[in-house]
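Peer 1: kindly return the folded structure for what I paste below:
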Amino acid sequence: MNSLRGTSAPRRSLVLLACLTVGRVGAAPAAGPVADTVIQAGTLYAGSDEPPVVGDIVIRGDQIIAAGPGAGQRYHATRVIDAANLIVAPGLIDAHAHPDTYLRSPDAKRRLNAPWLFQGVTTLLVGVDGSGTPDVAADSALLNRQRIGTNVVPYVGFGAVRERVLGLSARPPEPAELDRMRGLVAKAMCEGAVGLSTGLFYAPQSYAQTEEVIALAREAALRGGVYDTHQRDESSYTVGLMASVAEAVRIGREAGLPVHFAHIKALGVDVQGMAPQVVAAIEAARASGVDVTADQYPWAASGSALEPALLPGWALDGGRSALLGRLDDPALAASLRTAMQDNLRRRGGAQALLLTASGMPWTGRTLAEIAVQWDMDPLDAAVKIIRRSARAGDVASFNMREDDIRLFMRQPWVVTSSDGSDGHPRQYATFPYKFTRYVHDERVITLTEFIRSSTGRTADLFRLDRRGYLRPGNFADVVVLDPAHYAARADYLHPRRLSAGVVELFVNGRAVIHAGKLTGEAPGRALLHAPPPGTCR
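Peer 2: Residues are numbered from 1 along each chain as shown. Reported below is the predicted structural model:
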């Protein structure tokens, strides 16, 4: 690993060689089979636990047709890429992403998903935190028709289902309403959702009792899905971190499906240092027969907004108009302030909240700094920002400890995710940041483990068909990166800088990055889950 990262050889330019004349009707091909692309003499990390080997990858159409030492020697290819001293790996898989401002853009170039491509990411799991639409078939068809740069794997979201039936109300569903919600989950699973995602920390999902979630999770379980959760409490807001972990495990056990913790962490001053207890609880659940896994982003700051970070859940009941009414109600002022003060303490104080919303006068300042500038209490400053709009209060919240981050990262059931929301550098830089800091500099994990936890292991957890490995017959999602230059450029003050070091990137066999630049190709697909036979009418 270090010899690759620190090589003194000059950075190699990628040379494209025309080895086969094409377009001439009746032209006789040279002897031997034909391929579209041969990636030659790279250091191959297959996505497994196996050590790397120097070899070739051969691509024809959308598939890898040969891989390994000397694999390309018997093929004649339209294009040959010299990858000596470069890493060749499966396209990276982001287990928890928020690319909607890209995927849903009217701008075709923006729909390429460049922040992820320049990290080497070819597949993203979307609809996370309970946001995934129940209309999976129609939405996937729209994405395919509009053309996107990366593959996407959709969830059906508990929040989206609940809002469609109950709106933003805090009340429990009536039996008929619960049946309708179950039907929406079943429909989405039959249309290809990979599982049910929840964001039980966020209103109105936070109003749901555990039994309501179990009822919907059973519909995903019947159709071979997973239960993905932004758990109810990653801190000490409501039930507490450990009770929240227990609730997620209970949902998986009683509904009968795998449990996947989104962006696992111990958030805030009350629970920092509790990663060993969380790991022990998950290990115990796994030993008892519950399939429990997690993903993680390697940043000490989470991404959130002032509303969910500081306001009590009851203040958000009924949506934004109801919230603004409560902020104006003198009778609620004292209780609101008490709850906000405790939540601010829980987050580490006003100096730990960096305001990240794009284009605002406070962008790039901490809540403490803007409060001083406005000559007001930090809570009053927070309310002023919240009144502006829901997204005006986006924050990076510095509330995790490095020893917790490292311990979670070492677990063999943890994979990589960005949780890549706008305004946080994780959207543009998670994978190279993890590589540079935790592989190369601090050696928390090895390069093989980094690639494994970003490719093959993720594909295995979510049963992605023929993805995540450099194997003949797999789809040709392949990254060629320069380990001497693979690095994050984004940081908390400059969160939208593209990463460096990806020199070639293929999605479904087509080059989306060549020689470090976008090609404009958009070969991404919606990758839909296939329910077991007989589970859908």
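Peer 1: residue contacts, residue 153?
Peer 2: Residues in contact with residue 153 (CB atoms under 8 Å, 6 or more residues apart in numbering) are 123, 124, 125, 126, 194, 462, 464, 526, 527, 529. Every residue, glycine included, has its C-beta placed from N, CA and C.
Peer 1: hang on, I meant residue 513
Peer 2: By CB under 8 Å, 6+ apart, the contact set of residue 513 is 117, 118, 502, 503, 504, 505, 519.
Peer 1: adding pLDDT and neighbour count, write those out as a markdown table.
Peer 2: Listed next are these as a markdown table, based on pLDDT from 0 to 100; neighbours: other CB atoms under 10 Å:
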| residue | pLDDT | neighbour count |
| --- | --- | --- |
| 117 | 98 | 24 |
| 118 | 98 | 25 |
| 502 | 98 | 24 |
| 503 | 98 | 25 |
| 504 | 98 | 25 |
| 505 | 98 | 30 |
| 519 | 98 | 17 |
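Peer 1: so of these, which ones are in helices?
Peer 2: residue 117 (DSSP state H).
Peer 1: lowest-confidence helix or strand of this protein?
Peer 2: Counting by mean pLDDT, DSSP states H and E, the chain has its least confident helix or strand at helix 2-5, which shows a mean of 44.
Peer 1: what average pLDDT does the helix or strand following it get?
Peer 2: Using DSSP states H and E, the next helix or strand after helix 2-5 towards the C-terminus is strand 34-44. Averaged across strand 34-44, the pLDDT comes to 98.
Peer 1: repeat for stretch 48-60
Peer 2: 97.
Peer 1: repeat for stretch 405-425
Peer 2: Across stretch 405-425, the per-residue pLDDT values average to 94.
Peer 1: show me which positions of it end up buried.
Peer 2: 405, 407-409, 411, 413-425 (16 or more other CB atoms under 10 Å).
Peer 1: for it, C-alpha coordinates in CSV please.
Peer 2: C-alpha atoms of stretch 405-425 as CSV (Å, rounded to 0.1, in the frame of the first residue of the first chain):
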residue,chain,number,x,y,z
ILE,A,405,-15.0,6.5,14.6
ARG,A,406,-11.9,4.2,14.4
LEU,A,407,-13.6,1.4,16.4
PHE,A,408,-16.7,1.3,14.2
MET,A,409,-14.5,1.5,11.0
ARG,A,410,-12.6,-1.7,12.0
GLN,A,411,-15.7,-3.9,12.3
PRO,A,412,-16.0,-6.5,9.6
TRP,A,413,-19.8,-5.8,9.3
VAL,A,414,-19.3,-2.0,8.6
VAL,A,415,-19.2,-0.6,5.0
THR,A,416,-18.5,2.9,3.7
SER,A,417,-21.1,5.6,3.1
SER,A,418,-21.1,9.3,2.5
ASP,A,419,-24.5,10.4,3.8
GLY,A,420,-23.6,13.0,1.2
SER,A,421,-26.0,15.9,1.7
ASP,A,422,-25.5,19.4,0.3
GLY,A,423,-23.1,21.7,2.3
HIS,A,424,-21.0,19.0,3.9
PRO,A,425,-17.7,17.9,2.4
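Peer 1: mind checking how far that stretch is from the chain centre?
Peer 2: Distance, stretch centre to chain centre, for stretch 405-425: 8 Å (CA atoms, centre = their mean, to the nearest Å).
Peer 1: which residues touch residue 108?
Peer 2: 146, 147, 522.
Peer 1: list buried residues within those.
Peer 2: Buried among those by 16+ other CB under 10 Å: residue 522.
Peer 1: same list, the contacts of residue 108, but as CSV with distance to residue 366 and secondary structure please.
Peer 2: Output for these, formatted as CSV (distance: CB to CB, whole Å; DSSP: H, G, I helix; E, B strand; the rest coil):
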residue, distance to residue 366, secondary structure
146, 39, helix
147, 40, coil
522, 39, coil
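Peer 1: what is the nearest of the contacts of residue 108 to residue 312?
Peer 2: Of all those, residue 312 sits closest to residue 146, with 39.9 Å by CB to CB.
Peer 1: show me what contacts the closest residue to the closest one other than its chain neighbours?
Peer 2: Nearest residue to residue 146, sequence neighbours excluded (CB to CB, 6 or more residues apart in numbering): residue 111, at 6.4 Å. Taking CB under 8 Å, 6+ apart, we find residue 111 in contact with 102, 103, 105, 146, 147, 148, 149, 522.
Peer 1: A strand includes residue 111, no?
Peer 2: No: Residue 111 is assigned helix when assessed by DSSP: H, G, I helix; E, B strand; the rest coil, not a strand.
Peer 1: could you chop the protein up by domain?
Peer 2: 1-128+427-525, 153-261+264-300+400-416, 303-398 (automatic domain parsing).
Peer 1: nearest to residue 533, out of those?
Peer 2: Nearest to residue 533, of all these, is domain 153-261+264-300+400-416, at 10.3 Å by CB to CB.
Peer 1: contacts only, for the residue nearest the centre of the chain.
Peer 2: With distances taken as CA atoms, centre = their mean, the residue of the chain nearest its centroid is residue 96 (2.3 Å). Residue 96 makes contact with 125, 128, 228, 262, 263, 295, 297, 417, 418, 419, according to CB under 8 Å, 6+ apart.
Peer 1: and the fourth one, how many neighbours?
Peer 2: Spelled out, that is residue 262. 26 (other CB atoms under 10 Å).
Peer 1: pLDDT weak spots in the stretch 251-400 of the chain?
Peer 2: For the stretch 251-400 of the chain, applying pLDDT under 70 flags no range at all.
Peer 1: any idea where the strands of it begin and end?
Peer 2: 259-261, 292-296, 301-305, 353-355, 394-398 (DSSP state E, counting those that start in this stretch).
Peer 1: for residue 510, find the nearest of the ones you listed.
Peer 2: strand 292-296 (27.1 Å).
Peer 1: show me what the closest one packs onto, helices and strands only.
Peer 2: Contacts defined by 3 or more CB pairs under 8 Å, 6 or more residues apart in numbering; DSSP states H and E place strand 292-296 against strand 259-261, helix 275-287, helix 402-410, strand 414-416.
Peer 1: if we can go back for a sec, which among the contacts of residue 513 gets closest to residue 496?
Peer 2: residue 118 (11.4 Å).
Peer 1: residue 517 and residue 487: what is the separation?
Peer 2: Remark: distance between residue 517 and residue 487 (CB to CB, to the nearest Å) = 17 Å.
Peer 1: again but with residue 509, I slipped
Peer 2: From residue 509 to residue 487 the distance is 27 Å (CB to CB).
Peer 1: residue 517 and residue 487: which has the busier surroundings?
Peer 2: Higher neighbour count among residue 517 and residue 487: residue 487, with 17 against 9, using other CB under 10 Å.
Peer 1: and the more buried one, how far is that from residue 87?
Peer 2: With CB to CB as the criterion, residue 487 and residue 87 are 13 Å apart.
Peer 1: and residue 290, by the same measure?
Peer 2: Distance from residue 290 to residue 87, by CB to CB: 35 Å.
Peer 1: residues contacting residue 224?
Peer 2: With CB under 8 Å, 6+ apart, residue 224 has these contacts: 189, 463, 529, 530, 531, 532, 535.
Peer 1: now it, what's its secondary structure?
Peer 2: Per three-state DSSP, residue 224 ends up coil.
Peer 1: in stretch 115-122, what counts as buried?
Peer 2: Across stretch 115-122, burial judged by 16+ other CB under 10 Å covers 115, 116, 117, 118, 119, 120, 121, 122.
Peer 1: quick one: end-to-end length of it, please.
Peer 2: 11 Å (CA to CA, to the nearest Å).
Peer 1: more crowded one of residue 290 and residue 87?
Peer 2: Counted by other CB under 10 Å, residue 290 and residue 87 do not tie: residue 87 has more neighbours, with 25 against 19.
Peer 1: just to revisit the earlier point, specify which member of the contacts of residue 96 is nearest to residue 82.
Peer 2: Out of those, the member with the shortest distance to residue 82 (by CB to CB) is residue 418, at 30.3 Å.
Peer 1: that closest one: which element?
Peer 2: Residue 418 belongs to no helix or strand, assigned by DSSP H and E.
Peer 1: how close does it sit to residue 263?
Peer 2: For residue 418 relative to residue 263 (CB to CB), the value is 9 Å.
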